[in-house]
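**Q** starting from these lines, generate the structure:
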Amino acid sequence: MITQASRDRHPFLSSVALAILKWLMVLAISIGASTPLRAQRRPDAANLSQSPIEAPQQAVLPPATSAVPQQPSSEQAAGAGSALLLGAGDLLDVRVFDTPELSGRFRVDNLGEITLPVGGTVKVMGLTAEQIQVAIEDRLRQRDILHHPHVEVFVLEYATQGVTVMGEVKLPGVYPLLGKHTVLDFISVAGGVTPSASKTVILTHRQSPGQIVSIDLSSSPQALAQQDLQVEPGDRIVVTRAGVVYVIGDVGRPGGYLIENKDTVTVLQALALAQGLNKTAKLDARLIRNSPNGRIESDLPLKKILANQAKDPGLQDGDILFVPVSGTKEWADKGVTSILQMAVGVVIYGRL
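**A** As a prediction, the model looks like this:
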C-alpha cells in the first residue's frame with residue numbers, strides 16, 4: 001500500500017501507481033458485469049430451437065438453394081409464347097423516359113432493324129415489344145448514352161401481319177389490324193357475306209395454325225360473346241360456302257337452294273323447298289351428280305319414294321334434281337281444260 005511518506009519522496013511513482021490501480025478497478029468491474037450477461041444469454045440461445053413461437057418462423061426461411069432462379073410457370077410461358085412478333089414494315093413508338101430527343105416513331109426496315117437517333121441500328125425482327133425494350137436499353141447503356149435508361153415500346157401498326165378474309169365475302173383480301181377487333185368486324189369491312197355463304201366461319205390464329213376455331217354466326221348474341229372472336233395480326237378468316245341443290249323441271253318454284261348441312265338434305269326435302277310437284281309432273285325424276293369422271297345420271301322413282309316403298313336418298317352439294325313433265329297428264333289436263341271451255345261456250349251461246 002502506498003503511504004503518504006512514499007508519495008512525498010516519489011511523486012512520479014505515486015501518480016503511476018494510482019493510474020494502474022484505477023485501471024485494474026475498471027477492468028474488474030467490466031469483467032464482473034459481462035459475466036452474468038453471458039450466463040443469461042447462453043440458456044436463451046440453447047432454448048431458441050425449442051420455442052413454440054420461433055420454430056415456425058425458422059421453417060419458412062428460404063433454403064440455401066433459393067438463389068437459383070425459378071422456372072417460369074406454365075401460364076407465364078403460355079403468355080410469352082402468344083406474344084406478337086415484330087416484322088418488316090411494322091411501326092413502333094419508342095419512348096425514352098425523361099429524354100424526348102431519343103424518343104420517336106420508327107418503322108422496321110427490310111433487314112428487320114430500326115435506326116435510333118443516337119445509338120445506331122437495333123435488330124427487332126422476331127422479337128416481342130418487351131424484348132425490344134430490353135434491347136434498346138442495353139444499347140443505350142453500352143454506348144454510354146444513358147446510365148439507367150427506361151424505355152417503353154408501343155406497336156402502332158402491324159404492316160405485314162394483316163388479317164386475311166377469304167371465302168364467301170364480297171371483298172376478300174388482306175386488311176390491316178388497327179386496335180382490337182372481332183371476326184364480325186372484319187366480315188363487315190369485307191363487304192359482308194355473299195348469297196351463297198353459310199353460317200359457319202373458320203378462324204385460324206397465326207400463333208396456333210393447327211387449332212381451328214369454328215364460329216356459328218346463327219348463334220344467339222350470348223353464345224357469340226362466349227366464343228373466341230378476337231382477331232390478332234396474321235390470322236385468317238374463311239367464310240365457308242353453303243351447299244347448293246338445284247331443283248328444276250315441273251315443280252312449283254325451280255331454282256337453287258342453300259343447305260347448311262350437306263349430308264341431311266334428301267330428295268323429298270329438296271322438293272319441299274321447291275314448293276312441291278305440279279299436277280302435270282312425272283313421278284319418275286332424274287338425279288344428275290358431278291363426279292371426277294363427269295356427270296352421272298340416275299333414275300329416281302318418285303312414286304315409290306312418296307309411298308315410302310323406296311329409300312329417300314340424300315343429296316350432295318351441286319346435285320341437280322330434274323322433274324320432267326308427264327305427257328299423259330299434260331294432255332289430260334288440256335282435254336279437261338278444253339271441255340270446260342266448250343261447256344262455258346255452250347252455256348253462253350244458249351243464253352244469247
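**Q** so where's the stretch 101-250 of the chain shaky on pLDDT?
**A** Residues of the stretch 101-250 of the chain meeting the criterion pLDDT under 70: 160, 178, 228.
**Q** can you pull out the strands in the stretch 201-350 of the chain?
**A** Counting by DSSP state E, counting those that start in this stretch, the stretch 201-350 of the chain has strands at residues 212-216, 230-231, 236-241, 243-249, 255-259, 284-291, 294-301, 320-323.
**Q** show the average pLDDT along stretch 322-330.
**A** Across stretch 322-330, pLDDT averages out at 75.
**Q** and if you look at stretch 257-275?
**A** 82.
**Q** give me the contact list for it.
**A** With CB atoms under 8 Å, 6 or more residues apart in numbering as the test, stretch 257-275 has contacts from 195-196, 198-200, 242-247, 251-255, 277, 285, 287, 300, 302, 305-306, 312-317, 321, 323. (Glycine included, C-beta is placed from N, CA and C.)
**Q** ok, 6 Å please
**A** Residues from elsewhere that reach stretch 257-275, judged by CB atoms under 6 Å, 6 or more residues apart in numbering: 198, 242-243, 245, 247, 251-253, 312-317, 321.
**Q** end-to-end on that stretch?
**A** This stretch, stretch 257-275, spans 12 Å end to end (CA to CA, to the nearest Å).
**Q** what residues sit buried inside that stretch?
**A** For stretch 257-275, the neighbour count (16 or more other CB atoms under 10 Å) marks Y257, L258, I259, K262, V265, V267, Q269, A270, L271, L273, A274 as buried.
**Q** with stretch 139-157 instead?
**A** Using 16+ other CB under 10 Å as the test for burial, stretch 139-157 gives R139, L140, L146, P149, V151, V153, V155, E157.
**Q** check stretch 199-210 too.
**A** T200, V201, I202, L203, T204, H205.
**Q** and the third one, how far from Q133?
**A** So the one you mean is I202. 35 Å (CB to CB, to the nearest Å).
**Q** then the last one?
**A** Using CB to CB, H205 is found at 25 Å from Q133.
**Q** turn the buried residues of stretch 139-157 into TSV, including secondary structure.
**A** TSV is the format used below for the buried residues of stretch 139-157 (DSSP: H, G, I helix; E, B strand; the rest coil):
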residue	secondary structure
R139	helix
L140	helix
L146	coil
P149	coil
V151	strand
V153	strand
V155	strand
E157	strand
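**Q** biggest separation within those residues, which pair?
**A** Comparing all pairs in the buried residues of stretch 139-157 by CB to CB, the longest separation belongs to L146 and E157, at 27.1 Å.
**Q** how about the strands in the stretch 51-200 of the chain?
**A** Under DSSP E, counting those that start in this stretch, the stretch 51-200 of the chain gives strands at 91-96, 104-107, 113-116, 120-123, 151-157, 163-167, 173-175, 181-182, 197-204.
**Q** out of those strands, nearest to S218?
**A** S218 lies closest, by CB to CB, to one member of the strands of the stretch 51-200 of the chain: strand 197-204, at 4.2 Å.
**Q** what's the neighbour count on the nearest residue to S326 once chain neighbours are set aside?
**A** In space, and not counting its chain neighbours, S326 is closest to K282: 3.9 Å by CB to CB, 6 or more residues apart in numbering. Neighbourhood size, K282 [other CB atoms under 10 Å]: 19.
**Q** cool, and S218?
**A** 10.
**Q** what distance do you get for it to Q226?
**A** S218 sits 15 Å away from Q226, going by CB to CB.
**Q** repeat for I305
**A** Distance of I305 to Q226, computed by CB to CB: 42 Å.
**Q** so between the two, which is more surrounded?
**A** The neighbour comparison of I305 against Q226 (other CB under 10 Å) goes to I305, with 19 against 9.
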